[in-house]
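J.: Okay, predicted coordinates and the sequence, questions at the end:
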Amino acid sequence: MSKIIVDTIESTGATVTVNDALSAGTNAITAGSITGLTGTSITTGTIGNAVVGGGQVGQIICRGGTAVPTGFLYCDGSAVSRSTYSSLFAVVSENFGQGDNSTTFNLPDLRGFFVRGQDDGSSNDPDDSTRTAPATGANTGDNVGSYQADQFKAHTHTRNHRDDGGTLSGSSPGFAASSGTVMANNPNATGSTGANQTNPKNVYVRYYIKF
């Protein structure tokens with residue numbers, strides 16, 4: 001016989017989430033008034049109060065493949081319809097961008113980014129007030145969706161130079177002579193070294209958002 005696997009209870013009452021297709025078995029389910037029923041299997045939709053296709057609306061998941069899972073959208077910053085994805089828009093609104101500011105809104109663009117929990121007044125991010133919008137109309141500051149560029153924490157370096165107490169006569173590029181002291185008066189920058197960015201070891205995945 002057919003089997004329903006319940007993934008999560010989304011709310012109190014009769015609403016449940018089903019993450020496996022309901023297929024025809026000994027007691028086949030035939031197409032009727034059941035929303036989401038295609039042929040002999042249920043893909044995405046609802047059966048009464050049951051929500052088919054697991055996950056909470058607005059939930060962001062990472063996945064080790066490039067195929068977009070059923071019921072999700074790829075987090076690539078695309079502008080999508082406010083009406084077609086009304087449930088998602090009700091959750092994320094214009095947090096990640098206003099789209100055309102009328103009929104569309106932006107999905108989060110997480111390609112190449114690390115994600116970070118919102119500071120939410122905790123002071124764990126001392127620069128939360130300087131966070132900017134990743135797209136037009138998106139959130140700034142200490143709000144979900146805001147963006148922070150790469151940066152180094154403020155620091156200093158100590159440079160030692162030799163003072164041998166001698167007398168330098170004549171001229172030498174970058175130095176001036178003073179009886180008994182040699183002083184640098186035109187220091188030069190060190191050469192650039194390193195990669196194109198600062199980052200920890202990492203592996204790629206793709207992020208998707210539930211609609």
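T.: Arrived safely, thanks for sending. Numbers count the residues shown, from 1 in each chain.

J.: What lies in contact with stretch 144-162?
T.: Counting by CB atoms under 8 Å, 6 or more residues apart in numbering, stretch 144-162 makes contact with 92, 95-97, 108, 116, 118, 125, 127-128, 130-134, 138-140, 182, 184, 187, 197-198, all of which sit outside it. All C-beta atoms are positioned from the backbone trio N, CA, C, and that covers glycine.

J.: do that again at 10 Å, thanks
T.: With CB atoms under 10 Å, 6 or more residues apart in numbering as the contact definition, stretch 144-162 has outside contacts at 58, 92-97, 106, 108-109, 113, 116-120, 125-135, 138-140, 182-184, 187, 190, 197-199.

J.: quick one: average pLDDT of that stretch?
T.: Across stretch 144-162, pLDDT averages out at 84.

J.: Pull that stretch out as CSV, backbone CA atoms only.
T.: Below are the C-alpha coordinates for stretch 144-162, written out as CSV (Å, rounded to 0.1, in the frame of the first residue of the first chain):
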residue,chain,number,x,y,z
VAL,A,144,18.3,40.4,7.8
GLY,A,145,19.5,40.7,4.2
SER,A,146,22.2,43.4,4.8
TYR,A,147,25.6,43.1,3.3
GLN,A,148,29.2,43.6,4.6
ALA,A,149,32.2,43.9,2.4
ASP,A,150,35.5,42.2,3.2
GLN,A,151,37.8,44.0,5.6
PHE,A,152,40.7,43.6,8.1
LYS,A,153,40.4,44.4,11.8
ALA,A,154,42.4,47.5,12.7
HIS,A,155,46.0,46.6,13.7
THR,A,156,49.5,48.0,13.7
HIS,A,157,53.0,46.7,12.7
THR,A,158,56.3,47.5,14.4
ARG,A,159,59.3,48.1,12.1
ASN,A,160,62.8,48.0,13.5
HIS,A,161,65.7,49.8,11.8
ARG,A,162,69.4,50.0,12.7
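
J.: Chain neighbours aside, what residue packs nearest to His133?
T.: Residue 133: Ala, not His. Sequence neighbours aside, Thr140 is the residue nearest to Ala133 in space, at 5.1 Å (criterion: CB to CB, 6 or more residues apart in numbering).

J.: The one you found contacts Pro134, doesn't it?
T.: Yes - in this structure Thr140 lies within contact range of Pro134 using CB atoms under 10 Å: 9.4 Å.

J.: follow-up on the earlier one: for the residue nearest to Ala133, give its distance to Asp100.
T.: Using CB to CB, to the nearest Å, one obtains 20 Å as the distance from Thr140 to Asp100.

J.: ok, now which ones touch the residue nearest to Pro69 when sequence neighbours are not counted?
T.: Counting by CB to CB, 6+ apart, Tyr208 is the residue found nearest to Pro69 once chain neighbours are left out, at 6.1 Å. Shown in contact with Tyr208 (CB under 10 Å, 6+ apart): 55, 59-63, 67-69, 71-76, 107, 110.

J.: Phi and psi next, for Thr132.
T.: With angles defined as degrees, to the nearest 10, Thr132 shows backbone torsions of phi -110, psi 180.

J.: Let me know whether it touches Gly141 as I believe.
T.: Yes - distance between Thr132 and Gly141: 8.8 Å, which falls inside the contact criterion (CB under 10 Å).
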